[in-house]
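**Student:** below is the sequence, then the predicted model.
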Amino acid sequence: MMDIANRFDIAVIGAGHAGCEAALAAARMGCKTLVCVINLDTIGAMSCNPAIGGLAKGHLVREIDALGGEMARNIDATSIQFRRLNTSKGPAVRSSRAQADRLLYRLRMKKILENQKNLTIRQTTVDSLRVEHGRVTGLRTSLDEDIAVSAVVVATGTFLNGLIHVGLKHFPAGRMGDSPSVSLAGWFRQQGFTVGRMKTGTVPRLDANTIDYAGLEPQYSDRPPAFFSFASDGDYRQPQFPCHITYTNEKTHEIIRGSIDQSPLFAGIIEGVGARYCPSIEDKVMRFPEKLRHQIFLEPEGIETTEVYPNGVPTSLPLATQVAMIRSIKGLEKAVIVRSGYAIEYDYVDPLELLPSLETKRIRGLFLAGQINGTSGYEEAAGQGIMAGINAVRSCRGEEPLILDRSQAYIGVLIDDLITRGTKEPYRLFTSRAEYRLLLREDNADERLSEIGYRIGLLPQQQYDRFREKQREIDEGIARLDNTWIKPSPDIDEQLERLQSTTLKQKSSLSDLLRRPELSIDDLGSLVSHDTRQAVAEIGASRFSEEIQLRVKYKGYIERQDEQVRRFKKLESTQIPADMDFTGLSGLSNEVVEKLGRVKPVSLGQASRISGITPAAISVLQVHLRKRSFESKQDKGQR
Amino acid sequence: MELGHADNRTIAAISTPPGAGGIGIIRISGGQALPILEKIFTPARADCPFETHRLYYGRICNPADAKLLDEVLAVYMQAPRTYTREDVVEIHCHGSFLVLQSVLELVLSQGAQLAEPGEFTKRAFVNGRIDLTRAEAVIDILSARTRKGVDLALEQMSGKLFCEVDAMRATLVEVRALLETAIDFPEEEIEIADHRALYERIFNDVYEPLENLIARAEEGRIVRDGVSIVIVGRPNVGKSSLLNTLLQEERALVTPTPGTTRDTIEEYIDISGIPVRIIDTAGIRDGVEEVEQLGIKRAKESINRADLVLFLVDGSTPIGDDDRELFRSIAHKPFITVINKCDLELKITPDPGLPMIAQPLLISALTQEGLTDLKQLIFKRLTGGREQWQEEGCSPNLRHKAALAKGLEALGRVCDGLQSGLTNDLITIDLLACFDHLGDIVGETTTEDVLDVIFEQFCLGK
Ligand SMILES: Cc1cc2nc3c(=O)[nH]c(=O)nc-3n(C[C@H](O)[C@H](O)[C@H](O)COP(=O)(O)OP(=O)(O)OC[C@H]3O[C@@H](n4cnc5c(N)ncnc54)[C@H](O)[C@@H]3O)c2cc1C
Ligand SMILES: Nc1nc2c(ncn2[C@@H]2O[C@H](COP(=O)(O)OP(=O)(O)OP(=O)(O)O)[C@@H](O)[C@H]2O)c(=O)[nH]1
Ligand SMILES: [Mg+2]
């Protein structure tokens, strides 16, 4: 008989960004959950950049929050700088980014996990999983413990067969300072999972006391802070620090070129595939020789430390070269490197092994989340983590998985991309990966997802009520603008002229006027009578003023995107039965059959997104599905 | 017709046009193609491995009585590198119709079924070898009523429309990539084409070609669907004579007595490739007996339905009140005034002040004078001012036209946005919408209902 203390509903392996969200989601939804981590002190550790958010990533963080996740609240509480990016690039692509105090970030996350009901934390290394009748039933640790579970989420990040490179030296590690996960990596291969190698890298860290900031351009925090969590308001929780901007120069590039034969990347020692869009500095210099300089942000790592993260120069060149290269840069002439930059190669599991729920097709009850699926980035990891946690719970309870589609969330785009197209390089989210970008804004993540988060029992009542309250306030604001009418008059025309807008031809609502690109809500006040002026000013001053204006100003565009979504949903709702045998369809080429068989798309829509699937192949499928449903209808008719 | 890749019938047909010719080809497609060939073909060489895409010389004999039907060349083409993507066999026979017919009958007796018109191509579509536009072209070929109709369909079949649309989509993809780069990689200080340059690119490479295609859709419509032209005039002006002349056939009764034609008479003629339904009507006048009245009523209905009215007047008599009144009843329709009997002494002259005879055409139904001009003028009016068909280019059908128009509308907003400094994230919405609408044409972003429409014409699965 197994010890009751060693029996859990769900075990999460790993407490990085994916693991933390998965574990919290499972526990919060009421499952008895265990989280295993190689080193307790690294719960919520940021392996690389001490920052959360950025383009498309900020969107993910807000979606995680809207579902009831922790990442947003954690960064709001521990951030030492907030910025809004792309503010001039348009309503759909504005993103938030915050610098974390690296230490505070992980300490707070650890505390949240420690105090979470239903959640047990253990420092232990998992070596293998137990599988019975195609379903995962337990796990075994390196200290020979046996733990019984109903579902497992594996979120082991860069740890599987991790191999660190600095110059031509290399050694096994999960991350600098952490041991790798070798047995578990072997287990995945043994089970027949398709496994590949990827690589990523990080920058050397500098001592702030050795940096000369005098001639460098500072970049300060935005005020008021644009918090990530829909539940956060008020002022900063932590003191704010500026970043500084400097640049590499020709000399830096010369140093790099001079020791390129020492680069494990260029010497061909690294086999793993790196991301094209997150290249090392040696990559950038060699690939774009015409660029004379590359930007570097000097980012403080925290309040109680002098460590600085020089964002922009990931490198795996030998330490001596790193020193020379850094010291060739303005402001860093005397800089001391306190940790070296490095590259790491690791195993990832081909995400085509996964169902849309993130459960593996091979083993039921086994879910994978985070970097193990070939992604890169904390937010991408956390987004998968929360979904894997949710679906692990639902699988334990025999419920249908929760699947977000491409029109609902960036999380949906991310997962659909992974499981449909796979990835050959570390996958990172971009806004351009989303077709319905204007609908997937940061500001309306709650509108898209909070109802769902609440319904599945993850989003707490309090935050849900807050969300409802916000919706009410926005709806009221919009209704007010829609229903306040302005009649043409010489007076109005004079005001409009002053605002460099054209005169009024006919009776118009404030919403109509707000849709003029040159007018903002603050301008509208001068057009209305005294008593409505107060109401308009209130809308302008509302916490949700941006949301209200956005929804009014871009109504036409939003409606057109809605129309596109309707088109998209049509193919999406044509389901392909799980037992469909593609080899039986004579109209398909072998290549197409092979691809369909590997991905096993659940809908015609998903099938159409598989790379190399032609429109003609889709019509073949369509014809077949049509025939099939026709025949089954006939069968029923005969009975 | 039952159709689908799960359709495992093997089909066969004579695939060369009927009539004289050195050889005729019988094509067989489907899983039984090779077994059937093996049963009826006696190769000249002892070993005949039937390698794919190789011609073999031999004889076709009826296995039942060993009777020799023809000496032939036979080729077996293994799926999927074939026209239908199924196993295909072709038998090159001697051209006589009787020989071909007897070989085909033999093939059918061995288990193949006679292919229905266009079925090979339909299989090519369903088996994923050709795109939607080409599949639609097959439908058009089958239903084409004039040589021009066949030509247009063949053009589309060759993939011309597909290529044109594809090129436009490629431009849209490139422009989108530039707009997206500016959004997602702001830190990369890459040269990003400015809105002005992108506008010009879009306008020249997509907007204008799109407009052109839409214009050509009208051409396609009249060739596919045909038009109806009604001849109208008061009694005895020579309507029936004109009909007969156009038909080159004594179809309608012609007498010097006014009121000869009682009922409307419809016939089909081909005017430079346009299938024209030409309608002769009862001469319109007041106060006549019941039968003629009914005829006149029909004539008026025909006017309402017609695409073009030939308003016929008798040049040998002065214009009367009947003519004027009649003209008023057709003036709202596209019309051509034709003055007939120009072989006689003219009693009326063109008068720019009178719309009725502002730019008349003089003809004689009797001597056929002016008839070529009349046909030319009809063509011009139907094609929106064109002297002849454009040499090049495909003409989209109605479904294409609807998608093109939607694409053009979205693209118009893209152009406006690029000119007025709209942000990239909004511009890309319409860019993507345009891309999708164009995708509908080639079946790239096909939604259910598009296929519904097409499959209906293919009589899929009933
Ligand atoms: C050197 C380096 C550079 C990076 N550079 C970038 C970058 O430039 N841009 C970017 O977006 N992202 C970068 N990342 C990636 C980013 O850090 C990860 O994507 C993200 O942290 C992944 O989160 P995760 O939850 O999947 O895994 P991790 O955060 O890696 O967490 C893995 C967890 O699993 C635990 N674990 C592993 N094996 C076992 C086991 N057998 N038993 C128990 N516990 C186990 C570990 O203890 C750890 O808690 C970099 C990462 C590294 C290491
Ligand atoms: N000289 C001459 N006579 C013509 C010409 N066209 C028609 N006619 C004569 O005009 C008479 C009437 O011709 P129809 O063709 O029957 O005239 P219609 O308009 O059909 O007459 P209804 O059917 O009675 O309305 C006949 O005698 C024709 O021979 C022409 O071009 N020249
Ligand atoms: Mg007549």
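**Tutor:** Sure, I can see it. Ligands and ions are numbered 1, 2, ... in the order given.

**Student:** so residue A:48, which state does it fall into?
**Tutor:** Per DSSP: H, G, I helix; E, B strand; the rest coil, the secondary structure class of residue A:48 is coil.

**Student:** what stretches of the stretch 401-550 of chain A score poorly on pLDDT?
**Tutor:** Across the stretch 401-550 of chain A, nothing is flagged by pLDDT under 70.

**Student:** and the residue of it nearest ligand 1?
**Tutor:** Distances between the stretch 401-550 of chain A and ligand 1 by C-beta to the nearest ligand atom are smallest at residue A:428, namely 6.2 Å. Every C-beta, even on glycine, is put in place using the N, C-alpha and C of the backbone.

**Student:** next, give phi and psi for that residue.
**Tutor:** The phi/psi pair for residue A:428 (degrees, to the nearest 10) reads phi -130, psi 150.

**Student:** show me where chain A dips below the pLDDT cut-off.
**Tutor:** A:1-4, A:586-587, A:630-639.

**Student:** quick one, domains of it?
**Tutor:** Split into domains by automatic domain parsing, chain A comes to A:4-199+A:346-455, A:205-344, A:467-557, A:574-638.

**Student:** excluding its backbone neighbours, what's nearest residue A:238?
**Tutor:** residue A:80 (5.3 Å; C-beta to C-beta, 6 or more residues apart in numbering or on different chains).

**Student:** I'd assumed the one you found was in a helix, is it?
**Tutor:** No - assessed with three-state DSSP, residue A:80 is strand; it does not lie in a helix.

**Student:** where does chain A get nearest to ligand 2, which residue?
**Tutor:** Counting by C-beta to the nearest ligand atom, chain A gets nearest to ligand 2 through residue A:619 (52.7 Å).

**Student:** wait, a helix at that residue?
**Tutor:** Yes - counting by three-state DSSP, residue A:619 is part of a helix.

**Student:** how much space between it and chain B?
**Tutor:** According to C-beta to the nearest C-beta, to the nearest Å, residue A:619 and chain B sit 6 Å apart.

**Student:** and that residue, how many residues sit next to it?
**Tutor:** 23 (other C-beta atoms under 10 Å in any protein chain shown).

**Student:** how about residue A:332?
**Tutor:** 24.

**Student:** same question for residue A:404.
**Tutor:** 22.

**Student:** residues touching it, list them.
**Tutor:** A:387, A:411, A:412, A:415, A:449, A:452 (C-beta atoms under 8 Å, 6 or more residues apart in numbering or on different chains).

**Student:** for the last one, pull up the helix or strand it's in.
**Tutor:** Pointing back at residue A:452 there. Secondary-structure element containing residue A:452, defined by DSSP states H and E: helix A:445-455.

**Student:** quick check: next helix or strand after that helix?
**Tutor:** helix A:461-483.

**Student:** which residues are contacting the helix or strand following that next one?
**Tutor:** Counting by DSSP H and E, the element after helix A:461-483 in chain order, helix or strand, is strand A:485-486. Outside of strand A:485-486, the residues within contact range by C-beta under 8 Å, 6+ apart are A:492, A:504, A:507, A:508, A:509, A:510, A:513, A:527, A:528.

**Student:** just the buried ones from these, in ChimeraX syntax?
**Tutor:** This is the ChimeraX syntax for the buried subset of the contacts of strand A:485-486, where burial follows 16 or more other C-beta atoms under 10 Å in any protein chain shown:
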select /A:492,504,508,509,510,513,527,528
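
**Student:** nearest spatial neighbour of residue A:377, chain-adjacent residues omitted?
**Tutor:** Computed as C-beta to C-beta, 6+ apart, the closest residue to residue A:377 that is not its neighbour in sequence is residue A:428, at 5.7 Å.

**Student:** isn't the one you found right next to residue A:376, touching?
**Tutor:** Yes - at 5.4 Å, residue A:428 and residue A:376 qualify as touching, with contact defined as C-beta atoms under 8 Å.

**Student:** what do these two both touch?
**Tutor:** With C-beta under 8 Å, 6+ apart as the test, residue A:428 and residue A:376 both reach A:275, A:278.

**Student:** who's in contact with the residue nearest to residue A:238?
**Tutor:** With C-beta under 8 Å, 6+ apart, residue A:80 has these contacts: A:99, A:100, A:101, A:221, A:238, A:239, A:240, A:241, A:300, A:302, A:303.

**Student:** returning to what we had before: would you mind measuring from the residue nearest to residue A:377 to residue A:456?
**Tutor:** Look at residue A:428 and residue A:456: by C-beta to C-beta, to the nearest Å, they are 27 Å apart.

**Student:** compare these two and say which is more crowded by neighbours.
**Tutor:** Taking neighbours as other C-beta under 10 Å, residue A:428 and residue A:456 compare with residue A:428 leading, 22 against 18.

**Student:** need the contact list for the more buried one.
**Tutor:** A:275, A:277, A:278, A:375, A:376, A:377, A:380.

**Student:** which non-adjacent residue is nearest the first one?
**Tutor:** So that's residue A:275. residue A:426 (4.2 Å).

**Student:** ok, that neighbour - contacts?
**Tutor:** A:198, A:200, A:273, A:274, A:275, A:278, A:371, A:374, A:375, A:376.

**Student:** reformat those as a markdown table; add secondary structure.
**Tutor:** Converted to a markdown table, the contacts of residue A:426 look like this (three-state DSSP):
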| residue | secondary structure |
| --- | --- |
| A:198 | strand |
| A:200 | strand |
| A:273 | strand |
| A:274 | coil |
| A:275 | coil |
| A:278 | coil |
| A:371 | helix |
| A:374 | coil |
| A:375 | strand |
| A:376 | coil |
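
**Student:** just the buried ones out of these, please.
**Tutor:** Buried among these by 16+ other C-beta under 10 Å: A:198, A:200, A:273, A:274, A:275, A:278, A:371, A:374, A:375, A:376.
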